[in-house]
Structures are given as C-alpha cells and as structure tokens.
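*Asks:* Any chance you could fold what I've pasted below:
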Amino acid sequence: MNESQLFIGGIILIFIFGNIFVYFLNKNKQKRFFDFIRDREYTLVRNVEAEIEGYSKLGAKISYRKADIVFLDDEIFILTINKPIIQLTKSYEDFPEVFYKYSYDAKQKVKERLEIRNSNGSIKVNLNLKKKDFDLEKYINGQNMHDN
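*Replies:* Here you go, the predicted model:
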C-alpha cells in the first residue's frame, strides 16, 4: 500500500466517522427537544417531503429533504436526520436545540401541500402532506387537532 492510498483511506474514514458523529449529535438534540415539549399538545407527521427555499443577499438555496414535522400551536418544526432543527414561528418563544428560527406571515394550502412564507421573502417552505394522516384544511383554519 502506498502513501496516497493510505491518505485517501484516511479521508474516507474521517468522512464516515464525521457523518456518524453528526447523526448521533442531531438524534440527541431531537431527544432533548421532544423532552422539552413532552407535556404540551403537538402533532407529529413523519417522513414528509419538505422543500425549503432560502433567499439572502448571496443568492438562493433550495433544499429537498424527508423530514418529521412537529405542529405546536403556531410553531412548526422541521426535524431531519442529518440537519439541525428548523423552527417556523409566529411567536418569540425559544425552544431548545433549534438552530434556525424563521418567522412566517402566511400559511396556505397549495395542491395538498402546506406552503409557508414570510413577507420579506427570505424563506419559503412547502410540505407535501398528501397521503399523510393530517387534516390540512383543519390546520389552516386554526382548529385544534392534536394527536401526539
């Protein structure tokens, strides 16, 4: 084995262990988050296709993810396996382990999807809730619908 093979093998090993570390770190953060909201009424929808568009002065970023979505009053949390927790909010309440926090102004139903956006245009989120056990109409109209 020559040195270049050892170097490449080392880089691959570091990459693998880094991803494993991030996975368990995020799992631990999600556990602490759920421990914090344990006594509150929330709705959890698993494996939702999430399309997140973020806009800034540097340009646009669009990401597609499978995520678990937590609906808690006017709070929406996006939890993925290998990314930090994203909070979409209309309040000033802080939740533990949330890395990104965005305020939103509007949520609407668009073709069996929940579209959430803010007025300054810095973020737009589409959640594909089709074929999920979730009453989107009831949620949009603000009716109580908790089933954790």
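*Asks:* centroid residue for this structure?
*Replies:* I78 (1.9 Å; C-alpha atoms, centre = their mean).
*Asks:* Which helix or strand contains the residue nearest to that residue when sequence neighbours are not counted?
*Replies:* Spatially, and ignoring its direct neighbours in sequence, I78 is nearest to I86 (4.1 Å; C-beta to C-beta, 6 or more residues apart in numbering). For glycine as for every other residue, the C-beta is placed from the backbone atoms N, C-alpha and C. Secondary structure from DSSP states H and E places I86 in strand 85-89.
*Asks:* same question, G9
*Replies:* Counting by DSSP H and E, G9 is found in helix 3-37.
*Asks:* Only the buried residues of that helix, if you could.
*Replies:* 26, 29-30, 33-34, 37 (16 or more other C-beta atoms under 10 Å).
*Asks:* what do you get for stretch 99-117?
*Replies:* Buried-residue list, stretch 99-117, by 16+ other C-beta under 10 Å: 102, 104, 107, 113-114, 116-117.
*Asks:* Can I get that stretch in CSV, CA atoms only?
*Replies:* What follows is stretch 99-117, C-alpha atoms only, in CSV (Å, rounded to 0.1, in the frame of the first residue of the first chain):
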residue,chain,number,x,y,z
PHE,A,99,-30.6,26.0,15.2
TYR,A,100,-32.5,28.0,12.6
LYS,A,101,-35.5,30.1,13.6
TYR,A,102,-37.6,32.0,10.9
SER,A,103,-40.7,34.0,11.4
TYR,A,104,-43.6,33.5,9.0
ASP,A,105,-46.5,35.6,7.9
ALA,A,106,-48.7,33.2,5.9
LYS,A,107,-49.5,29.6,5.5
GLN,A,108,-51.8,28.3,2.8
LYS,A,109,-52.8,25.1,1.1
VAL,A,110,-51.5,24.7,-2.4
LYS,A,111,-52.2,21.3,-4.1
GLU,A,112,-52.3,19.2,-1.0
ARG,A,113,-49.1,21.0,0.2
LEU,A,114,-48.7,23.4,3.1
GLU,A,115,-46.9,26.5,1.9
ILE,A,116,-45.3,28.7,4.5
ARG,A,117,-43.7,32.0,3.7
